[in-house]
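# Give me coordinates for this.
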Amino acid sequence: MNMATLEAFDDGRMQKDKIAEFFPEIFQLFSDNSYGKYVYIENIKTGYSFWSQEAVDYFGLPNAIMKDAGDIWTEHIAPQDKETFMKELSDVMEGRIAAFDLHYRAKNKEGRYVTCSGKGKLIRDGSGEPVFFAGTIINHEMGNNVDPVTGLYSRSHLMSTMRNYIINEKPFYIFMVGIRNFFDINSAYGYKFGNSVLKSIAEYAVNYKNFGTLFRAEGTKFAYIVDMESNSKEEFEAYYEELRVHFEKNMIVEGNHLTLDICGAMMTVSDFSIDINSIYNSALFVLQKAKEENAQKLVVVNADYFEGKERHLKMLSDIRNCISEGYKGFVLHYQPIVDAQTENITGMEALIRWQDRTGKLVPPGDFIPWLEQDPIYYDLGTWIMRRAIMDTRPLLQIQPGFTVNVNLAYPQLQRPEFKEMVEQILEQENFPVENIKLELTERCKLLDQDTLRNAMIYFKASGMQTALDDFGTGYSALNLMAELPVDQIKIDRSFVVGIETDLPKQSLLRAITGCARELGKNVCVEGIETSQMAAFIRAHFPVTNFQGYYFSKPLPIADFMDFYYSQSRRREAEQEREHVMKIMG
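From the prediction side, this is the model:
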């Protein structure tokens, strides 16, 4: 804003003391205008600053007006992020960079770390002296509260709503609905039509009856949060039956009559000591059971249902605490990826493992499917990527083309800032973009296709490699291979077990690899368990890479390096032997 603009605004009638008098009210008006986005402004000379009241309440700060707020806020920064945070802030204050722009984790009043994006800038007077430091903080756990496809409140807002019920000790129901045959609809009509179906479901449910707040939970799942005092279990059972009949017999979308097969689950929550993520994941667990058991009626459970499962729920709570405690107990294991023709190691896949507080390694199947549904996976995924890059760097000195594969999870791709965060990590770690391959896991494919495609285009344009994992399972289909601009298709092991004698599997693999070749994508076959399986696939199908226990199980990085060097020595010995044989004729 230049001086002429200021003069036009002031018109000579507004005194500086009047501006100061009304400033707190004006500041509060702007700071209250965005859910999960906080603003602050500090007077450099006095050291006093104004902060959004929402930030004060959420993070447990002393007051909306604070002295030396920078020091207070720094105490909330996660220990692993504090050094980077303080350096960035120092660089701004001393004029080495123009603005502060950083992702970090900050501790809220409950002692839990949440991912934030912070931006700030020095405001200088006409002589160039710093007068104010102002900026914004985005709390990504609370942001993005409206789902763009359905217009419903999103999962992040669902979690916030449950937290409010727990804090106020108000009993509530969490009522979830899923669609069993949505994959068939997507396959028949395409993803854009599938999004229209989701929007039609949302519109009907919202307009049909007012049963509390409706949210889009994730993928094809919807959720209600309802005050237990206002509605009975019997009312929900009747409502669910009306929904089920309507979606089965009367669903018309864009002129197409559809038969939707829905499943439903409801959980009563009156124990306020349970973590909201455990509540959410438990409700998903019950909904999955209803889907698997083909239940036609609404499945209703309460806390008693989870008797005998306390160990599992406690383990999930422990895992979340370990993430907040600096990823305590988490380690990465690496499985080799080899060239299908030479069987030389060309890369490795990073796989997360967790040791409980007794030091016991917990089977990944016991916690990964649940953890990938939890918003805190965003923080863990950031740690995985950074750790994998650090472990891979020494291998690039030996083999410049070596690639590390890192799996992406649903909570990461849901966040619009994730793409820039990946680039930021690669830049901070000085890691070549072409040496990382990002794998879309099964749950990622629940996102709408435009979101997936845009993410893959962004990563490819940045120079990174991409892969479609678990091809042939769940939501993986040929149209995904055609639509998503990925570099590699990874064939699930279920397609190749017993393939030497299984003619239908041979036909399927021939079709998939043929399509991939036509589309310019290479193929990695997972689940290679014997030399016979490797030889058969190599001889009959155009594949690029192999991965499986025949070559090696996933290993800690130290063991992987030993394995890598032993394979290198073996290869050098074979090359030397071939050289000698040639000399001898």
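
# drop to CA atoms for contacts and neighbour counts, all remaining ones
Noted.

# For stretch 115-132, which outside residues touch it?
If you take CA atoms under 8 Å, 6 or more residues apart in numbering as the criterion, stretch 115-132 is touched by 41-45, 92-93, 98-106, 133-141, 379.

# Kindly apply the preceding question to stretch 51-63 instead.
Residues external to stretch 51-63 that are found in contact with it (CA under 8 Å, 6+ apart): 28, 31-32, 36, 38-41, 64-66, 72, 107-110.

# hmm, 6 Å instead?
By CA atoms under 6 Å, 6 or more residues apart in numbering, the list of residues contacting stretch 51-63 from outside reads 31, 38-40, 64, 108-109.

# got it, and stretch 341-359?
By CA under 6 Å, 6+ apart, stretch 341-359 touches 329-338, 361-362, 402-406.

# re the thing from before, could you tell me which of the contacts of stretch 115-132 belong to strands?
41-43, 99-106, 133-139 (DSSP state E).

# So how do I select the buried members of the residues you listed in PyMOL?
In PyMOL, a selection of the buried entries from the ones in strands among the contacts of stretch 115-132 looks like this (16 or more other CA atoms under 10 Å):
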select buried, resi 41+42+43+99+100+101+102+103+104+105+106+133+134+135+136+137+138+139
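
# related to what we said a few turns ago, now list the buried members of the contacts of stretch 341-359.
For the contacts of stretch 341-359, a burial check counting by 16+ other CA under 10 Å picks out 329-338, 402-406.

# Which of those residues fall in strands?
Filtering the buried ones among the contacts of stretch 341-359 for strands - DSSP E - leaves 330-338, 403-406.

# Any buried residues in stretch 560-567, and which?
560-561, 564.

# my bad, stretch 388-402
Applying 16+ other CA under 10 Å to stretch 388-402 flags 388-389, 391-393, 395, 402 as buried.

# And stretch 266-279, by the same measure?
For stretch 266-279, a neighbour-count test (16+ other CA under 10 Å) marks 266-270, 276-279 as buried.

# ok, now how distant is Gly36 from Ile276?
Distance of Gly36 to Ile276, given as CA to CA, to the nearest Å: 18 Å.

# And Lys419, by the same measure?
27 Å.

# about what we covered before: name the member of the contacts of stretch 51-63 with the most neighbours.
When neighbours are taken as other CA atoms under 10 Å, the top entry among these is Val39 (24 neighbours).

# what sits against Gln488?
With the criterion set at CA under 6 Å, 6+ apart, Gln488 makes contact with 467, 521-523.

# shaky segments in the protein?
Along the chain, the model assigns pLDDT under 70 to residues 1-35, 140-145, 210-211, 303-313, 373-375, 442-448, 472-479, 573, 579-580, 584-585.

# Quick check: can you list the domain ranges of it?
If you go by automatic domain parsing, the domain ranges for the chain are 3-139, 155-307, 326-572.

# Now those domains in CSV, please, with extra columns for distance to Lys582.
Listed next are the domains of the chain as CSV, based on distance: least, CA to CA, whole Å:
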stretch, distance to Lys582
domain 3-139, 56
domain 155-307, 56
domain 326-572, 15
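
# In terms of helix, strand or coil, where does the closest residue to Lys328 other than its chain neighbours fall?
Nearest in space to Lys328, with sequence neighbours left out and distances taken as CA to CA, 6 or more residues apart in numbering, is Cys322 at 4.9 Å. What DSSP: H, G, I helix; E, B strand; the rest coil gives for Cys322 is helix.

# thinking Cys322 is in contact with Val331, fair?
No. Contact criterion CA atoms under 6 Å: Cys322 and Val331 do not qualify, at 11.8 Å.

# With Thr220 as the reference, measure out to the nearest residue to Ile436 once chain neighbours are set aside.
Spatial nearest neighbour of Ile436, chain neighbours left out: Val404 (5.1 Å); criterion: CA to CA, 6+ apart. The gap separating Val404 from Thr220 is 32 Å, by CA to CA.

# quick one: the helices in the stretch 1-150 of the chain?
Under the criterion DSSP state H, counting those that start in this stretch, the stretch 1-150 of the chain contains helices at 3-10, 16-31, 53-59, 69-74, 79-93.

# got the buried residues of stretch 560-567 as a markdown table, with distance to Arg353 and secondary structure columns?
Shown next, in a markdown table, are the buried residues of stretch 560-567 (distance: CA to CA, whole Å; DSSP: H, G, I helix; E, B strand; the rest coil):
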| residue | distance to Arg353 | secondary structure |
| --- | --- | --- |
| Phe560 | 15 | helix |
| Met561 | 18 | helix |
| Tyr564 | 21 | helix |
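
# Show me which of those is closest to Asn207.
Nearest to Asn207 out of the buried residues of stretch 560-567 is Phe560 (CA to CA; 57.0 Å).

# Need the nearest residue in space to that closest one, chain neighbours excluded.
Tyr334 (6.8 Å).

# Quick check: that neighbour touching Lys553?
No. Tyr334 is not in contact with Lys553 according to CA under 6 Å; the separation is 8.2 Å.

# give me the number of residues near the closest residue to Leu361 other than its chain neighbours?
Spatial nearest neighbour of Leu361, chain neighbours left out: Gln355 (4.3 Å); criterion: CA to CA, 6+ apart. For Gln355, the neighbour count with other CA under 10 Å is 16.

# Please report phi then psi for Gln355.
phi -100, psi 130 (degrees, to the nearest 10).

# ok, back up a step: now tabulate the buried residues of stretch 560-567 in a markdown table and tack on distance to Phe172.
Formatted as a markdown table, the buried residues of stretch 560-567 follow (distance: CA to CA, whole Å):
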| residue | distance to Phe172 |
| --- | --- |
| Phe560 | 49 |
| Met561 | 52 |
| Tyr564 | 54 |
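
# which among the residues you listed gets closest to Phe546?
Closest approach to Phe546 among those (CA to CA): Tyr564, at 15.6 Å.

# Is the nearest residue to that closest one once chain neighbours are set aside bridged to anything, and to what?
Among residues not flanking Tyr564 along the chain, Ile345 sits closest, at 7.5 Å (CA to CA, 6+ apart). Judged by DSSP bridges, the bridge partners of Ile345 are Val338.

# going forward can the numbers begin at 159, since that is how I track them
Okay, residue one is now 159; in that scheme the one you just asked about reads as Ile503.

# and Ile503, how far is that from Tyr708?
Ile503 is 13 Å from Tyr708, by CA to CA.

# Same drill for these two, tell me which one is more crowded.
Using other CA under 10 Å as the criterion, Ile503 and Tyr708 rank with Ile503 on top: 21 against 14.

# for Ser710, what are its contacts?
Ser710 touches nothing, counting by CA under 6 Å, 6+ apart.

# Just confirm it is within a helix.
No. Membership of Ser710 in a helix is not supported by three-state DSSP, which gives coil.

# Show the residue spans covered by the strands in the stretch 609-743 of the chain.
Applying DSSP state E, counting those that start in this stretch to the stretch 609-743 of the chain gives strands spanning 623-629, 646-649, 680-683, 703-704, 713-714.

# how many neighbours does Gln570 have?
21.

# separation between it and Glu587?
20 Å.

# Give me the distance between the nearest residue to Ile255 once chain neighbours are set aside and Glu400.
Distance criterion CA to CA, 6+ apart; nearest residue to Ile255, sequence neighbours excluded, is Asp249 at 5.7 Å. In this view, Asp249 and Glu400 are 61 Å apart by CA to CA.

# Just list whatever residues bridge to the residue nearest to Phe718.
For Tyr492, the beta-bridge partners are Ala508, Leu713 (DSSP bridges).

# Pull the contacting residues for it.
By CA under 6 Å, 6+ apart, Tyr492 lies in contact with 506-509, 712-713.

# can I get those in JSON lines with distance to Tyr311 and neighbour count?
Below are the contacts of Tyr492 laid out as JSON lines (distance: CA to CA, whole Å; neighbours: other CA atoms under 10 Å):
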{"residue": "Met506", "distance to Tyr311": "39", "neighbour count": "23"}
{"residue": "Glu507", "distance to Tyr311": "36", "neighbour count": "22"}
{"residue": "Ala508", "distance to Tyr311": "34", "neighbour count": "27"}
{"residue": "Leu509", "distance to Tyr311": "33", "neighbour count": "19"}
{"residue": "Pro712", "distance to Tyr311": "40", "neighbour count": "21"}
{"residue": "Leu713", "distance to Tyr311": "42", "neighbour count": "18"}
